[in-house]
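S.K.: sequence and computational prediction follow.
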Amino acid sequence: MNTNRRIALAVAVLVAAAVGFLIARSASDSGTDTTTPAATTGAASGGTTAAKSGAAAVTLAAITVAKGQAVGGVKEVSTAKGAKVAITVSSPDYAGEIHLHGYDIKRDVAPGKPAQFDFSATQEGVFDMEVEATSTQIAKLTVNP
């Protein structure tokens, strides 16, 4: 096996392990039934991705805040009611609070210290995520029935 294949295999194993960890962590944190299927949509490369294991779905999103704004614009995150959601917000230059409205989840972010939002999508609707100090929207979470 050549070096490139070994590297690709190692990366694939790491990604699979990370997704498995998030699924296990989400299921144990929420105390809810994880056997109900949940549809999610996704985009690769730093947007929203969906990982499916058995019947449970996890929606993953990564957001970077630089100079007080979401890099690449406001992120669109879409999931189904009942799905597990894991959103990571990082910033190379901002320290402060990030707030997911509707779910009323607040987390602190700082350079080198990402904010992690792990929760079950229990409420349908459209919810804004903002840099709290400036009310600057960085994401829009849509939870579908």
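M.R.: Good, I have the coordinates. Numbering: from 1, shown residues only.

S.K.: where along this protein do the strands fall?
M.R.: 48-53, 56-66, 69-70, 75-80, 84-90, 96-100, 105-109, 115-120, 125-131, 136-144 (DSSP state E).

S.K.: now tabulate these in CSV and tack on mean pLDDT and mean neighbour count.
M.R.: Backbone N, C-alpha and C define where each C-beta goes, glycine included. Below are those laid out as CSV (pLDDT from 0 to 100; neighbours: other Cβ atoms under 10 Å):
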stretch, mean pLDDT, mean neighbour count
strand 48-53, 47, 18
strand 56-66, 90, 21
strand 69-70, 95, 18
strand 75-80, 96, 21
strand 84-90, 97, 22
strand 96-100, 97, 19
strand 105-109, 97, 16
strand 115-120, 97, 19
strand 125-131, 98, 18
strand 136-144, 97, 19
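
S.K.: what residues does stretch 102-112 touch?
M.R.: With contact meaning Cβ atoms under 8 Å, 6 or more residues apart in numbering, stretch 102-112 is reached by 65, 89-100, 115-117, 119, 123, 125, 127-128, 132, 141.

S.K.: try 6 Å
M.R.: The contact list for stretch 102-112 (Cβ atoms under 6 Å, 6 or more residues apart in numbering) reads 89, 91-92, 95, 97-99, 115, 117, 127.

S.K.: of all those, which comes closest to residue 58?
M.R.: residue 117 (12.6 Å; Cβ to Cβ).

S.K.: is that closest one bridged to anything, and to what?
M.R.: residue 87 (DSSP bridges).
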